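K.L.:
Let's see this in three dimensions:
(2 chains)
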Amino acid sequence: MALLEVAGVARRFGQLQALAGVDLAVESGQIHGLIGPNGSGKSTLMKCIAGALVPDTGTIRFGGRDITTAPPAERARAGLSIKFQITSVLPALSVYDNILLALQAHASLGSLIRSSTCRALHERVLAALDHVALIGRADDLAGVLSHGEQQWLEIAMALASGPTLVLLDEPTAGMSLEERRVTGELLLPIKRQCSILIVEHDLDFIRDVSDVLTVLDQGSVLDTGTIDEIRQSRKVQEVYLTRV
Amino acid sequence: MTEGGLDGPLRASPQQAIAPAETAARRPSTIRVLEIVLLAAALVLPLFLDHFWVVLATRTLILCLVALSFDLLWGYTGIMSFGQALFYGAAAYSAALLARDLGITSIFVIAPLCTLIGLVLALAMAWFLLLGRYPPSTIFVGLGTLTGAYAADRLARGWYYLGGQNGIPSIPPLTAGGYQIVEGFGYYYLSLGILIALYGVCRWLVRSQFGLVLAGIRQQEERLTFLGYRVQHFKAMIFTFAGGMCGLAGALAAFHDGFVWPNMLGVLLSTQIVLYVLFGGVGTLVGAIVGVASIDYVSFVLADRFPAFWPILLGLLLLFVVLVRPTGLCGLIVSERERVGRFGRAPMAARAPGREA
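P.N.:
Next up is the predicted model:
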């Protein structure tokens, strides 16, 4: 059984059919790439999986549990984590506190009031910051970080609580070539800890990090397979690559 | 998670990174200095004031409790509440009824009971406004609390049992054991003691990890939801706690003034509380105190010198401060970094080997 199973998910915004019955399966320990032209429904699908949107029809199962209508907090507690396309770090909090917030999301009320989480999670905060090379900026406000650093901070937040599946919506958007390379280096070792579903426009980047690719077009799955299979897919070549 | 760490130009040297934090750690806290100065002034003030001013200062201390409760909601959590006067006034009316109809005047009964009334009312309101499936908008909560305060005001004005427009007069003095606590020194120090205790609780709360969650909710509520926080529960908890604070303040006000009237639970007082906190400095507990004290004092002076048009002058002053300095008077001397705080955590520089926080 796949870790994440999306079956027949459809979502309409007025006259626009953003998703038209998408099927998708993400296996454990896999980096699953999701590509497609603008408007193909990638971000809408991510939002449906994360709980920001509820699909009109279809089901989403995570770890064998139906989460189609579960609120976002419940999905996060079940081990689903997301990094949004638009950076949403907490700008007026320190970099350290951003990570700590992500780590203590499941802590009890008592431990939050006693602040025992601060001591208990200190080493894990440092490890998470070290992983994204932000340990030296721990006391800085997140809002003063560069765009690339904010993206890394948000990736670190998404990974901090030890999720089983991380949704990354365009993690390299607005990054320089060097920053993209570094982001790729960050993601590869994580595969041993959790699965990743990643939406990305940069085809070179996604080819380097993904095990499996799904191509969306006009709200439907065009094809799914390994990088080589997608590269040789006639459907993808005809419909997708000619437009990109 | 340390595996796969980065090398090269992206990694900052620890010395480079720690330097600014170290400087910040050594700088004396402006907020702490302000707190100590205000505390010292509040402790000795009655010794230099006549009875009239002590009574006026006691009212200010009681209103500070309500302002603190609003600051917890708006300044620290991002909940816009126009309903603080509802909890304050409802508890004040309850205290007046307990004294008038049941002869209960003991502070040991009145204080916990009125706090409970504030808590229960706030929890009931939170149930409707905050505990839905998805987080409500600021406007929805603002209008909901405003409606509640307005409805309570109308109810009090129209209900004969509550004294209608005139309210409930001649409330007997508060008692503690065999002693009566009447307005003046006794009531001033009682109110000050309660304010100090609750200020301490609020200070501890907003600097705890619970406070960090509140700060997160204020900045990016949706992000916290996706991290797994049940945001509505946190909001309902702090809303209820703030309601309890208002309840206690209402009981103190009822026995201090000796009467209660509908203006104590209406929109006017609720709006006044919002202005107090915005004027003093939202998001700093001490700002709420500064706001109440300065507006109360300036109002009195303006009313004395310009009896015909003092409300216009006061309004212009409030408008000027809120527009020019959205962080209020405290924003003039308290930096943004200090206002945000560290939630009980020493800066990384202070945690470096060989140093103790």
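K.L.:
mind checking pLDDT for residue 178?
P.N.:
Here I'm looking at chain A. The model reports A:Glu178 with a pLDDT of 83.
K.L.:
Correction: the question concerned chain B.
P.N.:
On the pLDDT scale, B:Gly178 is placed at 83.
K.L.:
same question, B:Pro262
P.N.:
What the model reports as pLDDT for B:Pro262 is 93.
K.L.:
number of nearby residues for it?
P.N.:
Burial of B:Pro262 is recorded as 24 neighbouring residues (other C-beta atoms under 10 Å in any protein chain shown). To be clear about C-beta, it is placed using only N, CA and C from the backbone, and glycine gets the same treatment.
K.L.:
Return the residues of the stretch 251-357 of chain B in contact with chain A.
P.N.:
Applying C-beta under 8 Å from any C-beta of the partner chain, we find that the stretch 251-357 of chain B lies next to chain A at B:Glu336, B:Arg337, B:Val340, B:Arg342, B:Phe343, B:Gly344, B:Arg345, B:Pro347, B:Met348, B:Ala349.
K.L.:
Which parts of the stretch 151-300 of chain B are helices?
P.N.:
Secondary structure of the stretch 151-300 of chain B (DSSP state H, counting those that start in this stretch): helices located at B:185-207, B:209-227, B:231-257, B:267-280, B:285-305.
K.L.:
so how far is the third one from its chain's centroid?
P.N.:
On the basis of C-alpha atoms, centre = their mean, to the nearest Å, helix B:231-257 sits 9 Å off its chain's mean C-alpha point.
K.L.:
List the buried residues for it?
P.N.:
Applying a neighbour-count criterion of 16 or more other C-beta atoms under 10 Å in any protein chain shown, one finds B:231-232, B:234-257 buried in helix B:231-257.
K.L.:
thinking again about what came up before, out of the helices of the stretch 151-300 of chain B, flag the one nearest A:Pro189.
P.N.:
Among the helices of the stretch 151-300 of chain B, the nearest to A:Pro189 by C-beta to C-beta is helix B:209-227 (22.3 Å).
K.L.:
and the closest one with chain A, contact?
P.N.:
Yes: using C-beta under 8 Å from any C-beta, helix B:209-227 reaches chain A at B:209-210, B:212-213, B:215-216, B:219-220, B:222-227.
K.L.:
May I see the helices of the stretch 151-300 of chain B arranged in JSON lines, with mean pLDDT as well?
P.N.:
Putting the helices of the stretch 151-300 of chain B into JSON lines (pLDDT from 0 to 100) gives the following:
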{"stretch": "helix B:185-207", "mean pLDDT": "95"}
{"stretch": "helix B:209-227", "mean pLDDT": "92"}
{"stretch": "helix B:231-257", "mean pLDDT": "96"}
{"stretch": "helix B:267-280", "mean pLDDT": "90"}
{"stretch": "helix B:285-305", "mean pLDDT": "91"}
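K.L.:
tell me the pLDDT at A:Thr242?
P.N.:
58.
K.L.:
residues contacting A:Arg192?
P.N.:
The neighbours of A:Arg192, taking C-beta atoms under 8 Å, 6 or more residues apart in numbering or on different chains as the test, are A:Gly29.
K.L.:
quick one: contacts for B:Ala95?
P.N.:
By C-beta under 8 Å, 6+ apart, B:Ala95 lies in contact with B:Ile110, B:Cys114, B:Ile171, B:Gly250, B:Ala251, B:Ala254, B:Phe255, B:Val260.
K.L.:
7 Å - rerun?
P.N.:
The contact partners of B:Ala95, taken as C-beta atoms under 7 Å, 6 or more residues apart in numbering or on different chains, are B:Ile110, B:Cys114, B:Gly250, B:Ala251, B:Ala254, B:Phe255.
K.L.:
nearest to B:Gln272, of the residues you listed?
P.N.:
Of those, the one sitting nearest to B:Gln272 (C-beta to C-beta) turns out to be B:Gly250, at 14.6 Å.
K.L.:
Enumerate every residue touching the most centrally placed residue in chain B.
P.N.:
The structure's chain B has its C-alpha centroid closest to B:Leu68; by C-alpha atoms, centre = their mean the separation is 1.2 Å. Residues counted as contacts of B:Leu68 (C-beta under 7 Å, 6+ apart) are B:Leu198, B:Tyr199, B:Cys202, B:Met245, B:Leu285, B:Ala288.
K.L.:
The third one is in contact with B:Val286, isn't it?
P.N.:
No: shown here, B:Cys202 and B:Val286 do not form a contact pair, counting by C-beta atoms under 7 Å, at 10.5 Å.
K.L.:
before we move on, back to that, let's have the residues of helix B:209-227 next to chain A in JSON lines, adding neighbour count and distance to B:Pro46.
P.N.:
Shown next, in JSON lines, are the residues of helix B:209-227 next to chain A (neighbours: other C-beta atoms under 10 Å in any protein chain shown; distance: C-beta to C-beta, whole Å):
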{"residue": "B:Gln209", "neighbour count": "24", "distance to B:Pro46": "38"}
{"residue": "B:Phe210", "neighbour count": "24", "distance to B:Pro46": "35"}
{"residue": "B:Leu212", "neighbour count": "28", "distance to B:Pro46": "38"}
{"residue": "B:Val213", "neighbour count": "25", "distance to B:Pro46": "39"}
{"residue": "B:Ala215", "neighbour count": "25", "distance to B:Pro46": "36"}
{"residue": "B:Gly216", "neighbour count": "27", "distance to B:Pro46": "41"}
{"residue": "B:Gln219", "neighbour count": "19", "distance to B:Pro46": "41"}
{"residue": "B:Gln220", "neighbour count": "21", "distance to B:Pro46": "45"}
{"residue": "B:Glu222", "neighbour count": "15", "distance to B:Pro46": "48"}
{"residue": "B:Arg223", "neighbour count": "23", "distance to B:Pro46": "47"}
{"residue": "B:Leu224", "neighbour count": "27", "distance to B:Pro46": "44"}
{"residue": "B:Thr225", "neighbour count": "25", "distance to B:Pro46": "48"}
{"residue": "B:Phe226", "neighbour count": "26", "distance to B:Pro46": "52"}
{"residue": "B:Leu227", "neighbour count": "28", "distance to B:Pro46": "48"}
